[in-house]
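return a 3D structure for these sequence lines:
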Amino acid sequence: MLDQLVQYDKGLFLFLNNLGTTSWDGFWLFYTDKLHWIPFYAVLAFLMYKKLNTKMFVLTLVVIALMILFTDQITNLFKNFLVKRPRPCHEDDLVQAMRLLKSWCGGKYGYFSGHASNSMAVAIFSGLMLRYKYKYLIYILIVWSITMAYSRIYIGVHYPLDVLSGMLFGGLSGFMFYKLDKYLQSRFQLK
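Numbering: from 1, shown residues only. Have a look, this model is predicted:
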């Protein structure tokens, strides 16, 4: 059964990856680069700052940093120690049939996607934090995160199961750290 799932995942990867065209390659390479999203993260942080006083905002930034650290380290644990599933670009039987847009596709292992988990964690955390004023923002952020996850398939560095697992883990992490932030905010607000 696991072998069937892996074969289905490879087939779906090849289908989705080969939907790409050279006219869209530049867009997806830009979209998938974390550094291009720094202004976006700054806007989210500014919106949170407007909601909170300085002390609570700093506390929230610490929680966000812990959330990103958590999702990164758990992702690395799964990739390098628990699952060790090679990325598509390291599979000899796929390299000729796929579109790889980067000369270096990342580490050897890819299950599960750090981009997918981090972006979904940010989407859920930020969407819940800011829903008091921007009730539809969470939906926009989820679409942004799903698009980020798809970009990893498009450029040829992750399987669909890698990004789906990453999104699920990231969503759960974002929710848990949002609850942690609310708890800490209530504890420190009283002092």
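
quickly find the element holding the residue minimising distance to the centre of the chain.
Per CA atoms, centre = their mean, the C-alpha nearest to the average position across the chain is that of A116, at 2.3 Å. Using DSSP states H and E, A116 maps to helix 114-129.

just how off-centre is that helix within its chain?
For helix 114-129, the distance from its own C-alpha centre to the chain's C-alpha centre is 7 Å (CA atoms, centre = their mean, to the nearest Å).

picking that back up, can you give me the pLDDT of the residue nearest to the centre of the chain?
Listed pLDDT for A116 reads 97.

any idea how far Y183 is from it?
26 Å (CB to CB, to the nearest Å). Every C-beta, even on glycine, is put in place using the N, C-alpha and C of the backbone.

for the protein, which segments count as helices?
Per DSSP state H, the chain carries helices over the ranges 2-17, 22-32, 38-51, 54-77, 92-95, 114-129, 137-154, 160-189.

what sits against the nearest residue to N80 once chain neighbours are set aside?
Nearest residue to N80, sequence neighbours excluded (CB to CB, 6 or more residues apart in numbering): Y109, at 5.8 Å. Counting by CB atoms under 8 Å, 6 or more residues apart in numbering, Y109 touches K79, N80, V83, K84, R85, P86, R87.

if we use 6 Å, what do you get?
K79, N80, K84 (CB atoms under 6 Å, 6 or more residues apart in numbering).

beta partners for it?
P86 (DSSP bridges).

what distance do you get for it to L77?
In terms of CB to CB, Y109 sits 11 Å off from L77.

same thing with L69?
In terms of CB to CB, L69 sits 12 Å off from L77.

and the pLDDT at V62?
Taking V62 on its own, its pLDDT is 97.

OK, contacts around it?
Not one residue lies near V62 by CB under 6 Å, 6+ apart.

which of the helices and strands in the chain ranks last by mean pLDDT?
helix 92-95 (a mean of 88; mean pLDDT, DSSP states H and E).

grab the nearest non-local neighbour of I138.
Nearest to I138 is G127, by CB to CB, 6+ apart, at 2.7 Å.

returning to what we had before: right, so of the helices of the chain, which gets closest to K102?
helix 22-32 (7.5 Å; CB to CB).

and for that closest one, what's in contact with it?
Here helix 22-32 has contacts from H36, L101, S151, Y154, I155, using CB under 6 Å, 6+ apart.

tell me the predicted confidence for the second one.
Which is L101. L101 is given a pLDDT of 92.

for F78, see how far away the residue lying closest to it once chain neighbours are set aside is.
Setting aside the residues directly before and after it, L101 is nearest to I155 in space (CB to CB, 6+ apart), at 4.2 Å. As judged by CB to CB, I155 and F78 stand 20 Å apart.

do the same with M67
17 Å.

next: L2.
16 Å.

so between the two, which is more surrounded?
More crowded of L2 and F78, by other CB atoms under 10 Å: F78, with 22 against 6.
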